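Novice: Test case, fold it:
(chains A and B)
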Amino acid sequence: MPALGRKMKRSLIDWLLIAVVVAGGVMAWRTGRERSRLTARHERLVKSTGELPIKDASKIYVLALDTGEPLHFAWRFYFPPNCKQRLSYRFGNQPQSLSLPQADFIGRVRLRQDDDGTMQLYYHFGSISGGTSLKDGELEELLGGRWDRVKIERLGSPQVAVIDPDQPAVLLRLVLPEDLQAAARTKLSTGMQWQYVPVVFKVKLVPPIPIR
Amino acid sequence: MPVSDPLPPRNDEGGSTPGVTQHVRRRWQVGLRTVFLLMAAIAVWLSYFVNLRYNAELEARIGAMVPLAHEVIVTDPSKIAVVRQDDEWINETRWEIHVPGGAFRLCLATRGIDENGLATIVKSSPISSGTHQLVLTEQRDRNPWRETVLCNGQEVITWATPYEPKSTRGSTSVAGFSQSKELSADEPVVLLRRRFHQVDASGGTSTSPGPSDGVLLWIERTLVMGKQL
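Specialist: Below is the predicted model:
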């Protein structure tokens, strides 16, 4: 009889363990399913907004995002508190400078030709947006239909760029390929060459000038 | 932990068959089956707790990205859900919307737009249930001014408004939904209310006190003979 009792006790333990395994299995399956759902959503969000691994909150982080368009550039930015970096660009004759919003945002620069063939620029950085046209006939003639040949250098691609807030950085640079540079040197006036050869368009992150 | 241990032959009355060794477990000995079950229990519960912790971490990371992604969030599929997305071009406004089951339409008005309420529809287009990307482009650099609405990349509304000299390019706009919002499907949902400023008597420009020209874009349930479809 004691042997039978022990056998029953062991059997009871096994049944209890089976119950624990089944309950745990159900819970693990449910959380696993939730994990798959969250992972898919996370991957989708990372594709649209990027994810910044901020290890030092006193630095600037920049990650280039894929937009699927050759002349549409987007970045995810993190700026530390009290960082007064500005964005500086020159498209055509007039250099421009913008105050950037602080903290975490997506910024974009987009170039496209309008119906008349004029190249237009649009930018959107947090709450700041605007645009301008490139009305340099000589450059339009040189580059008309060949903007896809311009070499693109952008910050934060393919990996996150980490910058000191007091350091300047080039966010985007569009460089003429060698053959177009040679063509530009023969076709463009000296002033135009100075503006557009070899870098046809550049956007920089500029630290504030220290007050002495 | 030993799984089994040979014991000396029993010497009770029944006796044991000579030459056959009986295996009897000690008090804390368990069988192989029990060990496997114990391992399985540890494995599944460990998976559960690992998943739980990982999910909490993922949710926190997702939470930080959602405000930047401007994704429409649908918790009640019977409601209209809207989120305004980042602009990607001049005079271009973008939304992601969820339209519930039933018949709905997108409506555009360009005249008689007041601070509240709707205006006379100049053009409308049915919109199916589901999630859609809407883009309104407003062309203001040539006459006539033109409004175009794209739904999932397809042009669904286009409307040309002859330029009115009394109107200016300046405008006052109301376009909320910077974060995803769900609204009753029984009421029209105004996506954009833009009212053009007008040239006043002094030659300056100001917002019209009454209805003015502009752009009003909204979604409403389609009614036939006053009944919902």
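
Novice: can you confirm A:Arg10 is in a helix?
Specialist: Yes: assignment of A:Arg10 by DSSP: H, G, I helix; E, B strand; the rest coil places it within a helix.

Novice: do you know how far it is from A:Thr31?
Specialist: 31 Å (CB to CB, to the nearest Å). From N, CA and C alone the C-beta is placed, and that goes for glycine too.

Novice: Repeat that for A:Arg112.
Specialist: Taking CB to CB, one finds A:Arg112 at 46 Å from A:Thr31.

Novice: Look at the two and report which has more neighbours.
Specialist: A:Thr31 (20 against 15; other CB atoms under 10 Å in any protein chain shown).

Novice: Mind checking what secondary structure the more buried one has?
Specialist: Three-state secondary structure (criterion: three-state DSSP) places A:Thr31 in helix.

Novice: Please give the element, helix or strand, for the nearest residue to it once chain neighbours are set aside.
Specialist: Closest residue in space to A:Thr31, ignoring its immediate chain neighbours: B:Asn51 at 3.5 Å, by CB to CB, 6 or more residues apart in numbering or on different chains. With elements taken from DSSP states H and E, the one containing B:Asn51 is helix B:32-69.

Novice: Which SSE is immediately downstream of that helix?
Specialist: Along the chain past helix B:32-69, the next helix or strand (assigned with DSSP H and E) turns out to be strand B:80-85.

Novice: Other residues contacting that following strand?
Specialist: With contacts defined as CB atoms under 8 Å, 6 or more residues apart in numbering or on different chains, strand B:80-85 is touched by B:70-74, B:93-100, B:104, B:133, B:175-185, B:189, B:191, B:219.

Novice: what sits against A:Leu143?
Specialist: Listed by CB under 8 Å, 6+ apart, the contact partners of A:Leu143 are A:Met119, A:Val150, A:Leu180, A:Val200.

Novice: Look up how far A:Arg37 lies from the first one.
Specialist: Note on A:Met119: its distance to A:Arg37, by CB to CB, is 43 Å.

Novice: Could you find the closest non-adjacent residue to A:Ser157?
Specialist: Counting by CB to CB, 6+ apart, A:Ala64 is the residue found nearest to A:Ser157 once chain neighbours are left out, at 3.6 Å.

Novice: Quick one: neighbours of the one you found, just the number.
Specialist: 21.

Novice: go on, B:Ser129?
Specialist: B:Ser129 sits with 14 neighbouring residues when counted by other CB under 10 Å.

Novice: Stretch A:122-141 and chain B, are they touching?
Specialist: Yes: remark: stretch A:122-141 sits within contact range of chain B at A:Tyr122, A:His124, A:Ser129, A:Gly130, A:Gly131, by CB under 8 Å from any CB of the partner chain.

Novice: List only buried entries from the residues you listed.
Specialist: Of all those considered here, the ones buried according to neighbour count by 16 or more other CB atoms under 10 Å in any protein chain shown are A:Tyr122, A:His124, A:Ser129.

Novice: Contacts for the helix or strand hosting the second one, please.
Specialist: In the assignment (DSSP H and E), A:His124 maps to strand A:119-125. Taking CB under 8 Å, 6+ apart as the criterion, the residues outside strand A:119-125 that touch it are A:77, A:87, A:89, A:91, A:98, A:100-101, A:105, A:107-114, A:129-134, A:140, A:143, A:147, A:201, B:86-90.

Novice: For the next helix or strand after that strand, name the packing helices and strands.
Specialist: Under the assignment DSSP H and E, the closest C-terminal helix or strand after strand A:119-125 is strand A:128-134. The contact analysis (3 or more CB pairs under 8 Å, 6 or more residues apart in numbering or on different chains; DSSP states H and E) places strand A:128-134 against strand A:95-99, strand A:119-125.

Novice: try it again with 10 Å
Specialist: Helices and strands touching strand A:128-134, by 3 or more CB pairs under 10 Å, 6 or more residues apart in numbering or on different chains; DSSP states H and E, are strand A:95-99, strand A:103-113, strand A:119-125.

Novice: Determine which of the ones you listed approaches A:His42 most closely.
Specialist: Smallest distance to A:His42 across the helices and strands packed on strand A:128-134 (CB to CB): 16.7 Å, for strand A:103-113.

Novice: got the angle between the closest one and strand A:128-134?
Specialist: Comparing the axes of strand A:103-113 and strand A:128-134 via axes from the mean of the first three to the mean of the last three CA atoms, to 10 degrees yields an angle of 20 degrees.

Novice: Direction included, what does strand A:103-113 pair up with?
Specialist: Strand A:103-113 sits in its sheet next to strand A:72-79 (antiparallel), strand A:119-125 (antiparallel), going by DSSP bridges.

Novice: need these in TSV with distance to A:Val162 and mean pLDDT, can you?
Specialist: Compiled in TSV, these are given as follows (distance: least, CB to CB, whole Å; pLDDT from 0 to 100):
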stretch	distance to A:Val162	mean pLDDT
strand A:72-79	10	93
strand A:119-125	19	88
